[in-house]
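Peer 1: Show me how the following folds:
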Amino acid sequence: MKKKLLIGVLSALLLLVFVAAILTSVDRKKIHRTGPAVKGRIAIVLDDWGYTLNNLGAASKIKQRLTCAVLPNLKNSSYVARRLDELGFEIILHLPTEPKEKYPLEKETITVSMDSGRIREIINKDLSSVPGAKGISNHMGSRVTEDPRVSALIISEAKKHNLYFLDSFVTAKSACPLLASRLRTRFAKRDVFLDNQDDPEYIRKQVVKLSKLSEKKGYAVGIGHDRKNTLLVLSEIIPELEKSGYKFVFVSEVIE
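Peer 2: Now for the predicted structure:
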């Protein structure tokens, strides 16, 4: 009799546990379904870190996810990369590449006249000066990104180091999107430049434009720079957009 009673009690307890588990599962699904919808994912990249340390303080005030592109082999390159990583940002190598325009070039800028060995040597050296890099983007490079041979080499090196490639998309004739697809390399492309004018109102309008684009296509990538006004605007507008339902992500979270 006691044995039957014990079995009955244990059966009842097991039934209660089973029912509770089902109810918990239903509750979680309900919470997931009724949670706030994300309007769009926004990946913002800030280029040209490494020249100075001037804006690290301003960057530390931004708590959301940003991607920071650090120029290699400058006095501050390694320190800035480590400090930005400590602040919680994603770090990528901002690889100097040859433009069609007559701009002053960084030391050891990759050009279309270089052979494959020299290009690989430069990329490896540059990566060693930007610790913790998760990807590579092109600094300038309208001539290089239109050149299939050199672009393929850079993208292949990114893949070899398990990095993604971000096309700053400084020319509509860029060969990088097609090459990245063919080479099966993780890839993203810039959608909007945020600070072609160093004016807070202009920058704000460009960020809003980026947010609308992210809502339309699911995500969007914007590129700004290591500048006081850019960081000031971002520190103000990012929390506003978050409250409106937009999600700020690293570039690695939107790569294809």
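
Peer 1: in the stretch 51-200 of the chain, which spans are strands?
Peer 2: Taking DSSP state E, counting those that start in this stretch, the strands of the stretch 51-200 of the chain run over residues 67-70, 90-97, 135-140, 164-167, 187-189, 192-193.

Peer 1: May I see these organised as a markdown table, with mean pLDDT, distance to residue 51 and mean neighbour count added?
Peer 2: Glycine gets a C-beta too; all of them are placed from N, C-alpha and C. Converted to a markdown table, the strands of the stretch 51-200 of the chain look like this (pLDDT from 0 to 100; distance: least, C-beta to C-beta, whole Å; neighbours: other C-beta atoms under 10 Å):
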| stretch | mean pLDDT | distance to residue 51 | mean neighbour count |
| --- | --- | --- | --- |
| strand 67-70 | 98 | 10 | 28 |
| strand 90-97 | 98 | 11 | 27 |
| strand 135-140 | 98 | 12 | 24 |
| strand 164-167 | 98 | 20 | 26 |
| strand 187-189 | 98 | 24 | 21 |
| strand 192-193 | 98 | 19 | 19 |
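
Peer 1: In JSON lines, list those along with distance to residue 46.
Peer 2: Formatted as JSON lines, those follow (distance: least, C-beta to C-beta, whole Å):
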{"stretch": "strand 67-70", "distance to residue 46": "5"}
{"stretch": "strand 90-97", "distance to residue 46": "10"}
{"stretch": "strand 135-140", "distance to residue 46": "11"}
{"stretch": "strand 164-167", "distance to residue 46": "12"}
{"stretch": "strand 187-189", "distance to residue 46": "15"}
{"stretch": "strand 192-193", "distance to residue 46": "12"}
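
Peer 1: Out of those, which gets nearest to residue 116?
Peer 2: With C-beta to C-beta as the measure, strand 90-97 is the member of the strands of the stretch 51-200 of the chain nearest residue 116 (14.9 Å).

Peer 1: quick revisit: so which of the strands of the stretch 51-200 of the chain is nearest residue 243?
Peer 2: strand 192-193 (21.0 Å).

Peer 1: Local confidence estimate at the residue lying closest to residue 124 once chain neighbours are set aside?
Peer 2: The spatially closest residue to residue 124, leaving aside those adjacent along the chain, is residue 157, at 7.9 Å (C-beta to C-beta, 6 or more residues apart in numbering). Residue 157 is assigned 98 on the pLDDT scale.

Peer 1: Could you double-check that residue 66 lies in contact with residue 248?
Peer 2: Yes - counting by C-beta atoms under 8 Å, residue 66 does reach residue 248; the two are 7.4 Å apart.

Peer 1: neighbour count winner among the two?
Peer 2: residue 66 (24 against 20; other C-beta atoms under 10 Å).

Peer 1: hang on, the earlier thing: among the strands of the stretch 51-200 of the chain, which is nearest residue 213?
Peer 2: Nearest of the strands of the stretch 51-200 of the chain (C-beta to C-beta): strand 192-193, 6.6 Å.

Peer 1: Quick one: distance of that closest one to the chain centre.
Peer 2: 14 Å (C-alpha atoms, centre = their mean, to the nearest Å).

Peer 1: longest strand in the chain, by residue count?
Peer 2: Taking DSSP state E as the criterion, the chain has its longest strand at strand 40-49.

Peer 1: That strand pairs with which strands, parallel or anti?
Peer 2: With DSSP bridges as the test, strand 40-49 is paired with strand 67-70 (parallel), strand 219-225 (parallel), strand 246-248 (parallel).

Peer 1: now what about the shortest one, what contacts it?
Peer 2: Under the criterion C-beta atoms under 8 Å, 6 or more residues apart in numbering, residues 38-44, 64-66, 211, 214-215, 238, 241-242 lie in contact with strand 246-248.

Peer 1: and if we set it to 7 Å?
Peer 2: With C-beta atoms under 7 Å, 6 or more residues apart in numbering as the test, strand 246-248 has contacts from 38-42, 44, 64-65, 211, 214, 238, 242.

Peer 1: Show me which of these are buried.
Peer 2: 39-42, 44, 64-65, 211, 214, 238 (16 or more other C-beta atoms under 10 Å).
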